[in-house]
Structure formats: C-alpha cells, structure tokens
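A.B. asks: structural data only, the sequence is not supplied:
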C-alpha cells in the first residue's frame, strides 16, 4: 500500500499489501531517504520510460531551440555560448550517433547557423551598429563554425541540395525512433504505458474522425484526408470496440500495435506516400503564390517596401504603336521623371532603359537616339547607390564598363556624332542625318565618375583577400577606357578636357615601376633572338616618355593650378621611383610647391607627402643620406606618417573627429596597391639618421650645446638604454639601435651585421628594385662613417696613426681613407695634419683632455646654478626690470661672465 493512503479499513490495506511486490533497497542506496512511491493511477499517467538516445537527442533539440531564438534577436553572444554547449552535448551523444548516424536536425542547425553568420558578416552597416561583445562573438563564432563544419561537409551538402526532403526524413526518423524505444521497454502485458498512451491519442474515435474529416474537407487538405483513409482501412473492428467497456484497453492497444509496418511492401508504400505528400505540399504553395500575384495584378492590393508605395513602372508601347523618334524620346523622358523619387525601383529603371535601347536599334532609329539612351543608362548605374560612401556591386560595375565601351564603339564608328555638355537639349539633333548629330552629354565626366567608383571599390575591399586581386584586374579595363577617351578627345575635345583626361592617365601611371624599361637599360637588345611578342612589348612607349609627354602638355596648356600641381607631383614621384634623383630634385625646387602646399586641398597634400617620401627613398638609394633625412624629416618627426600618407587613420585621432568627419577622411584614403611600406620608410629614416648622428655625437661629445639632428632617433636610443635586459634584436628598430651602439665604438663589422642580415633583408632591403646595389651602398657608407666616428672618438689617444692601418681596419682603399681624413681636416673637424712621406696622420694636442672637459662642464653647471639662485632671490626680494642691487655700484644689470673666470650664459638649447 502506498504510504500516502491514510484512509480506508485495515482489510483493504492488507489486501492491497498482499497484491504488491516487495521493493528491495539497493546496497549502495542512502538508508536515510525513503523512495518516493506513487499510486497506480499516478504511475500510469506520469511515469515515462525513455531510452538514452531520446535523452541525448532531447538535450540537443533544446539547445538548438535556444540557438534559433538567439538568432531571431541577433544575440550572437548567446549563440556562441549555446554552440559551445551544443558541441559538448554532441560529444556526449557520440556513441549513439556512431550507431544511428548523424541526426538531420543537427545538420540543419549547422548549415543554418553558418548561413546566418555569413549574412551578418557581409552586412557591413549592421556590423558597425553591433556592440563590442556581439562583434567579437561574431568573428569568434564564424571561425569556429567554419572549422567545425569541415567534419560534416558531405551531410551539409546533401541537406542544402534537398532541404525539404531532409526535414521530412528527420520527422519520420524521430517518430520511428520514439516508437522503437518504446517497443524495447514493453512491460509484462506486451505494451508500455508510453506506447499505449501515444497510440490511444493517435487513434481517434469514429465520431471524432468524421468531424476531423469534415474540417479537412473545408480546408482542402488532401494529405490529411489520405491519412484518415488509412485509419478507415486499418481499424474497421476498432469502431465496434470503441463502443465496448473501457476495461479492455490491453486488447485495444494490441489491435493498434498490429498496424505498424512490418513488411518491405508496407515500407515502400509509406515512402511513396511521403513523396506524394511533399509534392502536393509544394504544388499547393506555388498555387498560393500565383493567386497572390493575380490578386496584386487585379489592383486590390498594393505591395509596399518600407512603408512607401513603389512607383509604378511605366509600361512600354502598346500594341500597334508606331515607333518613332518622338515616341522613344517621350518614353525616355517618362522613365527619367521617376529618377531620384522616393520609392523608385532603380534596377527596374535600368532594365527599362536597356529595353528601350533594344527597341530603338530594332526599329533603326539611328545612332543618335541610342547614344542619348546610353548616356542615361550609365548615369542610372551611377545613381543605383544613393549613398555616396557605398560602392557599386560587381554586376553593376561590369555593366557600367560594358556600357561605356559600347558607347565609345559607337562614337568611334560614327565621326559625325558630336557630344558635349555645352549642347542644349533644344538644339539636339538625333535623327536628321543630313546634318551632324548632336547629343547632350559629356563622356569625360562619365569616365571620371567611373574612375572614382573604381577607387571606392578598392577602398572598401579587404586588401588581403583574393577578391581584392580580382577587382585589381579591372584596372586594365579602366586604363583602356581612359586611353580610348583620350584618343577621342584629342580629336574632338577642348584643351581643358584634354588636360583632364591626361591627368587621369597620369594618375594610373605615376606609381608603377616600369620593369620592362629597367630591363632594357640593364640588358641592351641582342638582335633577333627574342620572339615577336617580346619585341612588340619592348617597342611600346616607356612610362617615362609617356609621363614626360603628358605632363609637358599640362604644363603648357592648363589654366587651373590644381591639375598642374597634381601633374608636377606625379612627375616628380615617377622620376624618384625610377631613381632619377637629380631630375626629381630639380623639378621639385623649380616648382616651389613647398612654399604654398599648405593652401591646397587634402588630396593634393596627401599626394605631396607621398612624393616627398618617395624623393627621400630615392636619395637614400643613391647614397645621399643627408638629402634623404631632410626629405623624410617632416613626415617621420610628426609621428603620423600613416595618416599623412593617406594609408589609414590613427586611433587617437579618431576620438577628435565626429562620425561625419571620419567618413570624409576614409574617402580620402589611398587604395592598398598604392601604399608605401611604412616599415621600410622608418628604416630608411633611422639608418640615415644613424649615419649622420653617430659621427656628430662623437665629434661633439664634450660639447654641452650640441643639437639633435633627429629627435626620433635619439628617442629610440633612450628606449634601448632603458631596457634592463638586452637580448638579441628582434624588431627593425632594435636592429638599428644595436648597429648605432656598435658604430659608436668604431666596430663597423658588428654594425654591418646588425643592419644587413636575413631578417632585415626580408623586412626591408629586398623590397627595393635593385636590392644588391642598395646593400653595397650601405656597406660602403657604414665603413666611411665608422672611420669618421673612430677618429673623433680615439683621436686624443693617438699621437699619430698610419693610414694603411686605418685602411686595413675598415677595409677601405687608401685613396678613400686619404679623402675622408683630408675633408675632416679642411672642415676643422679633426685637429691633425697629414705626413705624406710616411702616410700617417699626426694629431695636434689642441683639444682639451677628458678631465679638462669635465672641469669645463662642472664650471658651466655651477654657473647656471648660481644664476638660478640669484633669480629666485631677486624674485622674492623684488626685481627692477632685470637689474639687481649692488652695494658698491648701485643697480647693475644681471649679465653672465665670460668663460674664463666665471660662468657664461647659455644662448642655445643644450642637449639632454
């Protein structure tokens, strides 16, 4: 008897006890806790026996449901947490999955989740609006799901090929699994409680079946009516049994259990029925969509997008309409009237214009009408994106290129067609062949807009992806179109238009190193050994000759300062890129651009900065370290080289701008294929500063008034000195600092090993066009400057030193050593004289010793200390215009003494 029954007689309790089985306690059980015994009714209704498979799959299903809810509300952080739990739960169910196979619902969530994350990733505007946690979770989860899905590629592919069938198989499989698990746990009567309850709920009575059938007929649901027919054929005796007493439930359950398919024919029939069911469902869905479209055509409903009714597309010509020039132009104006209005379908507008071109060509309305429509098609393609910051989609971009090429073909094939902005619409001639055809429109404006769109595409593409390379291939088409427009305008354009198109050609040429011309300079032609194709390529115009011709025309004909300024800067950049240092320097000095460049607009200033940087790198390649340092000083000393060159925005500067200013700045950025390597730039600057600064520091070591040539270089030296533990150099800056310390000691070999090694070659020196030539120049410079530093540092130690010894020590030829020492003596940097017969350098003892230098420094510091104390004392006592009171002479001006016998007032800034 259950412990919860407290009422009833003793006889009833004894009879109930006699009918019950004794429950034995397990040995490992807790004796302090009594098991919870339920009554027979409660056991029949609530106790459910489930297999391990059902438990594991239910856990997976619950997690999948949570993930789908998080996907609906765009909670990527929650998706990441639940996905990790889902992976752990799947690992626990691995033994069951190996036996039963991967469940379809698991494959479905993996495929849907990956598609969902890809959509979020491609939505750049949505990513910007995400909070920090969601954005971080999105990148993490995207990487995890892509890595995780590699193990399920075949399953996901099968699911994506037929998702509807996969869903049906999944549902059926779950039903069969639940039936199989219930059959395994049958009780002594031959049927389990869960199976019996399920069959009982699935088998409706005769009256309820009639009612359901009636409802299904009203809904026109044929698939459920087929299921009822199956119930009618399989349960004729159940109609009579349902009217009997309810006590015969076991017999009723056994009748229902006989209905399970046991033979192969039944299984095939069930599969065929499922296929018919899926087919009817698909037909019903398509029929519903057709009915909706018919309703919309009838005018009863109006489809809207974003709460704005769509502007109705103007229909083409009615049947029987005579297609004439006036009719086509009228239809063109009708289409263009919807341009720019709210709710206009821009894609449909482009399609209508293209259809209008076909109609015009089919009816032979002349090239003038086609050209006019083509102009409007290209303008509509540019207007497809209303936002200025967004870039064109690839399909629209390709359409634009094809349309411009077609327009240029027509203009070249018909010389009697004249286009221009100065032609009014009233004076257009589109069909009168007796006179020249005149069409309003500017082909140069379209090409300039095309060039700007190409720049936007490159700015908004990930530079480290294959997509960027694919887009960069389109530059050949862009350059070909610009070249065709150039040929057209040279014949029919004005001088101003020719200058504009020349500038476009220059902007696509100036930053490219001409390898073919470089090879021709290194290896002169050997005759007819090369193929015809190579000879044709070599006979093409060199970029230097092309730039010279285009820029000189702009210098002579242009009337606007901006085009001429851009042409000069591009010309200087190209000279510097091809190592023509003296031409580039002379052109820069003659142009006087450095005097008024601050008044130019930001894109021109960015071009000026890029030109100065390229000029400095060119000087460095030629071995002119002083010129290289002075050219790079302004850019590198600012600490904002990345921003000044238009290659990115600094994080600290982002805080100073609002969102609109940031968008404007991003539109000014240079595409990645035009970037200058910032690490190479900094390395060139630091090495130039090292070659200038180290000998200067050695020469003025005892001079407290010495100035700094490069603040950035001194900063790197101080950073290196502050490090408590000096290991081998890793970064480029550490290599330069270590080389500077070696040069300071006159050790040129160690300095050379730090500057030129495998790591530095890979990072910097191999990026130069003539890398071996640059490395040879660097070794020579290091040897010469190390010799100068050695003489400055150790001249006080020697009475005389042989030039032959110096030549062997620094591996320089004697004439070079003689030249260096002579220059030092002439410039009064080294107090010595040359003894020609013995080839020695005789030192003159005019410089103070180290002890004398320390004494002088101490005297200067004591003098400055006294002066500061007097100023503080005067400030407390009261000063009288810079004079202080003297007991003998009254008021005396506060002047410093000369160096001997007192202290001297510092007139310039002292070093640190």
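C.D. replies: Sure thing, it's come through. Everything quoted here is computed from the prediction, not taken from an experiment.
A.B. asks: got the buried residues for stretch 687-701?
C.D. replies: Across stretch 687-701, burial judged by 16 or more other CB atoms under 10 Å covers 687-699. Where you see a C-beta, it was placed from the backbone N, CA and C, and this is true even at glycine.
A.B. asks: also stretch 800-811?
C.D. replies: Buried residues in stretch 800-811, counted by 16+ other CB under 10 Å: 801, 803, 806-807, 809-810.
A.B. asks: now do that stretch: distance to the chain's middle.
C.D. replies: Centre-to-centre, stretch 800-811 and its host chain are 56 Å apart (CA atoms, centre = their mean, to the nearest Å).
A.B. asks: quick one: average pLDDT of it?
C.D. replies: The average pLDDT within stretch 800-811 is 88.
A.B. asks: now swap in stretch 476-494 and tell me
C.D. replies: 91.
A.B. asks: and it, how far from the chain's centre?
C.D. replies: With CA atoms, centre = their mean, you get 32 Å for stretch 476-494.
A.B. asks: got it, and stretch 782-791?
C.D. replies: Relative to its parent chain, stretch 782-791 has a centroid offset of 46 Å by CA atoms, centre = their mean.
A.B. asks: list the contacts of it.
C.D. replies: 691, 694-695, 698, 739, 743-744, 746-748, 751-752, 755, 806, 809-812, 816-817, 820-821, 824, 830, 841 (CB atoms under 8 Å, 6 or more residues apart in numbering).
A.B. asks: out of these, which sit inside strands?
C.D. replies: Mapping the contacts of stretch 782-791 onto strands (DSSP state E) picks out residue 841.
A.B. asks: ok, now how distant is the residue positioned nearest the centre of the chain from residue 852?
C.D. replies: The centroid of the chain falls nearest to residue 462 when counting by CA atoms, centre = their mean (3.4 Å). Noted for residue 462: a distance of 64 Å to residue 852, by CB to CB, to the nearest Å.
A.B. asks: my guess is residue 160 meets residue 111, correct?
C.D. replies: Yes. With contact defined as CB atoms under 8 Å, residue 160 counts as touching residue 111 (6.1 Å).
A.B. asks: please identify which of the two sits among more neighbours.
C.D. replies: Comparing residue 160 with residue 111 by other CB atoms under 10 Å, the one with more neighbours is residue 111, at 20 against 13.
A.B. asks: any regions of the stretch 601-750 of the chain where pLDDT drops low?
C.D. replies: Within the stretch 601-750 of the chain, the set of residues satisfying pLDDT under 70 comprises 652-655, 702-705.
A.B. asks: circling back to that earlier point, surely the residue nearest to the centre of the chain meets residue 468?
C.D. replies: Yes. Judged on CB under 8 Å, residue 462 makes contact with residue 468 at a distance of 6.2 Å.
A.B. asks: what sits against residue 573?
C.D. replies: Neighbour list for residue 573: 510-511, 607, 610-611, 614 [criterion: CB under 8 Å, 6+ apart].
A.B. asks: ok, the buried residues of stretch 800-811 vs residue 550, which is closest?
C.D. replies: Set against residue 550, the nearest of those by CB to CB is residue 810 (47.7 Å).
A.B. asks: poorly predicted segments of the stretch 101-250 of the chain, please.
C.D. replies: 164-250.
A.B. asks: now do 50
C.D. replies: Within the stretch 101-250 of the chain, the segments meeting pLDDT under 50 span 166-169, 171-250.
A.B. asks: same question, the stretch 251-400 of the chain
C.D. replies: By pLDDT under 50, the weakly predicted segments of the stretch 251-400 of the chain are 251-260, 294-300, 306-311.
A.B. asks: do you know how far the residue lying closest to residue 744 once chain neighbours are set aside is from residue 454?
C.D. replies: For residue 744, ignoring the flanking residues on the chain, the nearest one in space by CB to CB, 6 or more residues apart in numbering is residue 694 at 5.7 Å. As for residue 694, its distance to residue 454 is 47 Å (criterion: CB to CB).
A.B. asks: got it, and residue 370?
C.D. replies: 25 Å.
A.B. asks: got it, and residue 375?
C.D. replies: 19 Å.
A.B. asks: tally of neighbours for residue 522?
C.D. replies: 8.
A.B. asks: ok, now how distant is residue 447 from residue 413?
C.D. replies: Counting by CB to CB, the separation of residue 447 from residue 413 is 18 Å.
A.B. asks: between these two, point out the one with more neighbours.
C.D. replies: More neighbours surround residue 447 than the other of residue 447 and residue 413, with 23 against 9 (other CB under 10 Å).
A.B. asks: so that one makes contact with residue 481?
C.D. replies: Yes. With contacts counted by CB under 8 Å, residue 447 reaches residue 481, the gap being 6.2 Å.
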